[in-house]
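**Q** attaching a predicted model along with its sequence, questions to come.
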Amino acid sequence: MKQLFISVALISLAGSSAAWAAEKPTGLVGTHGQSELSTQASSMLPLCASCHGIEGISTEGMYPNLAGQKVEYLVKQLQQFKTRERNDPIMSPMAEPLSPEMVNELAGYFSSLK
Ligand code: HEC
């Protein structure tokens, strides 16, 4: 079910994000160092950004801002969501499929935003 949810979420985003996953998102390259993200990590970014904002500033009161947060903290939170040490019905399934490299890259990306 979790996988299904993630697939559905990804598919529903595909309209706006297909180009991102396929190639470097030209509009964002350079400004935030997103060009340094691996294909894997940048393919997750539209999903993360749908709640946390592409600039790391969320649009919903219940979704935290990530921009400028300490990278070590973000890595730790994602690791804890994965192990369910920090268990959240929304975020734990989001973190579950992330590899350690993707955790580092996504944390680094959001941390680098101002
Ligand atoms: C459906 C909305 C949603 C999506 C998609 C989502 N998140 Fe979250 N995220 C949340 C919510 C809600 C919380 C707060 C959870 C809590 O209350 O413990 C959160 C918390 C976090 C935190 C901890 C922030 C803090 O200040 O402690 C990090 C880091 C994070 N998300 C990263 C990500 C990454 C990376 C992705 C993409 C793989 C992602 N999120 C996708 C909703 C979302």
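**A** Everything's here; your move.
**Q** and the helices in the protein?
**A** Here the chain has its helices, by DSSP state H, at 2-22, 39-52, 71-83, 91-95, 100-112.
**Q** least reliable of those going by mean pLDDT?
**A** Among the helices of the chain, helix 2-22 carries the lowest mean pLDDT, a mean of 51.
**Q** quick one, what contacts the residue nearest to Gln80 when sequence neighbours are not counted?
**A** Of all residues not flanking Gln80 in the chain, Arg86 sits nearest, at 3.8 Å (CB to CB, 6 or more residues apart in numbering). All C-beta atoms are positioned from the backbone trio N, CA, C, and that covers glycine. Residues in contact with Arg86 (CB atoms under 8 Å, 6 or more residues apart in numbering) are Gln77, Gln80, Ser92.
**Q** what about the first one, how many neighbours?
**A** Right, the one you point to is Gln77. Residues within reach of Gln77, counting by other CB atoms under 10 Å, total 20.
**Q** that'll do, ta.
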